[in-house]
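Participant: Have a look at this prediction, sequence included:
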Amino acid sequence: MEAVHNLLNNIVDVAIMLFEFMGVVVIIASGIRGIISYIRHDPLTRLNLAKGMAMGLEFKLGSEILRTVVVRDFSEILTVAGIIALRAALTFLIHWEIRNEEADNRLAESERRQWQAAKGETEREKPDGQREDQQK
């Protein structure tokens with residue numbers, strides 16, 4: 001039974017390291033991509049950066065959940081629970097920011113289309129104020 005317990009601990013330790021590593025890689029890659037997007041003045045920089053950070057935090061949160069499998073005393077459980085609560089709160093806030101940013105982008109796109117439609121309407125009017133026949 002001790003061998004199975006040790007095997008489980010080893011598997012969980014490797015999985016924790018893998019999840020932590022992937023979370024760090026995703027956050028770093030998103031940060032670099034965010035810097036490049038910022039330099040290029042991409043309007044979706046904040047949205048893409050927030051999505052990358054959220055994904056990285058999801059990996060880190062997964063590692064903390066796995067960590068609960070191998071904790072042995074109550075103080076470790078409290079520490080892990082605190083870390084999970086903080087990361088969950090960060091994830092929630094980032095997802096909230098993503099939803100707001102996407103809504104702002106949809107609104108801006110809608111306003112741009114309305115402006116283009118209004119611009120097209122004024123271009124189709126004749127100089128004397130009458131509208132051209134739109135049938136072809």
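Facilitator: Thanks, I have the structure now.

Participant: what's stretch 85-97 in contact with?
Facilitator: The contact list for stretch 85-97 (Cβ atoms under 8 Å, 6 or more residues apart in numbering) reads 46, 50, 53-54, 57-58, 60-61, 64. C-betas here are computed from N, CA, C, even on glycine.

Participant: chain center to that stretch, what's the gap?
Facilitator: 10 Å (Cα atoms, centre = their mean, to the nearest Å).

Participant: Tell me the buried residues in it?
Facilitator: By 16 or more other Cβ atoms under 10 Å, the buried positions in stretch 85-97 come out as 87, 91, 94, 97.

Participant: Now that stretch - C-alpha only, CSV.
Facilitator: What follows is stretch 85-97, C-alpha atoms only, in CSV (Å, rounded to 0.1, in the frame of the first residue of the first chain):
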residue,chain,number,x,y,z
ALA,A,85,-9.3,31.5,-3.4
LEU,A,86,-6.9,34.2,-4.5
ARG,A,87,-6.3,32.6,-7.9
ALA,A,88,-10.0,32.0,-8.4
ALA,A,89,-10.8,35.6,-7.6
LEU,A,90,-8.1,36.7,-10.1
THR,A,91,-9.6,34.4,-12.7
PHE,A,92,-13.1,35.8,-12.0
LEU,A,93,-11.9,39.4,-12.3
ILE,A,94,-10.0,38.7,-15.5
HIS,A,95,-13.0,36.9,-17.1
TRP,A,96,-15.2,39.9,-16.0
GLU,A,97,-12.7,42.2,-17.8
